[in-house]
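In: sequence below, structure please.
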Amino acid sequence: MNLAARLAQRSIRVAVSECLLGAPVRWDGEHNADIWPRELLEAVFSLVGLCPEVGVGMGVPRPPIQLIGNATSPRAVAVHDQTLDYTDQLASWRRTVTPSIADVSGYVFADRSPSCGLTGVKVHAENGKWQRVGTGIHAAAVASAWPELPLIDAEDLRVRDALERFAVAVVRHAVPDEPLAEEAILSELATHW
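Out: The predicted model follows:
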């Protein structure tokens, strides 16, 4: 099947943090659907929603979590009760969803989320200070398990150049045996955008 047909049929799948698709699954029962150009990706790709926090049984609404400790190996704990530690469940949840995302060609994460943020997630030190130097627990597990998979935080897609680079990377991941020039991919995407 050629690229034009694949994009028209939206046969290329991209995993997305479910709150970005309008599902009220955030800790406070809200969503993040309005922070990124979802309609552009939906025009060419089939979006697969996933929420690791709901997936591990945390429910909605739920106590918010935060990352604490070392930025390279933080723990995900409840903000108001640090004995509630969800790190291991969030890190291993990717194995549960592997069948659902085995054939995805990209992943869009909810930025700054302690479970799904790819970059700039707050990591709290014991003294109460924090820095935006972390990666969400689930996002880190996905990046480790599938290092060749194009990954991006949703917020970054608001910059047109980043959106186009991500879409090109997704297409190339989906059709690795077809050497498609970037200009050809962008031209085909433009017919849908």
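In: tell me the span between the first and last residue of stretch 51-61.
Out: One end of stretch 51-61 sits 13 Å from the other (CA to CA, to the nearest Å).
In: that one: how far from the chain's middle?
Out: In terms of CA atoms, centre = their mean, to the nearest Å, the centre of stretch 51-61 is set 15 Å apart from its chain centre.
In: need the three-state assignment for residue 123.
Out: strand (DSSP: H, G, I helix; E, B strand; the rest coil).
In: neighbours of it, how many?
Out: By other CB atoms under 10 Å, the residues close to residue 123 number 21. Any C-beta I mention is one placed from the backbone N, CA and C, and that applies to glycine too.
In: equivalent analysis for residue 28, please.
Out: Residue 28: 10 neighbours (other CB under 10 Å).
In: what ranges does this structure have for its helices?
Out: Under the criterion DSSP state H, the chain carries helices at the ranges 3-8, 38-44, 52-55, 87-101, 137-145, 160-174, 182-190.
In: any chance of those in CSV, plus mean pLDDT, mean neighbour count and distance to residue 126?
Out: Shown next, in CSV, are these (pLDDT from 0 to 100; neighbours: other CB atoms under 10 Å; distance: least, CB to CB, whole Å):
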stretch, mean pLDDT, mean neighbour count, distance to residue 126
helix 3-8, 91, 16, 49
helix 38-44, 94, 17, 38
helix 52-55, 95, 24, 24
helix 87-101, 89, 16, 16
helix 137-145, 95, 22, 19
helix 160-174, 97, 18, 35
helix 182-190, 95, 14, 47
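In: which one of those helices lies closest to residue 27?
Out: helix 52-55 (7.2 Å; CB to CB).
In: alright, that wraps it up for me.
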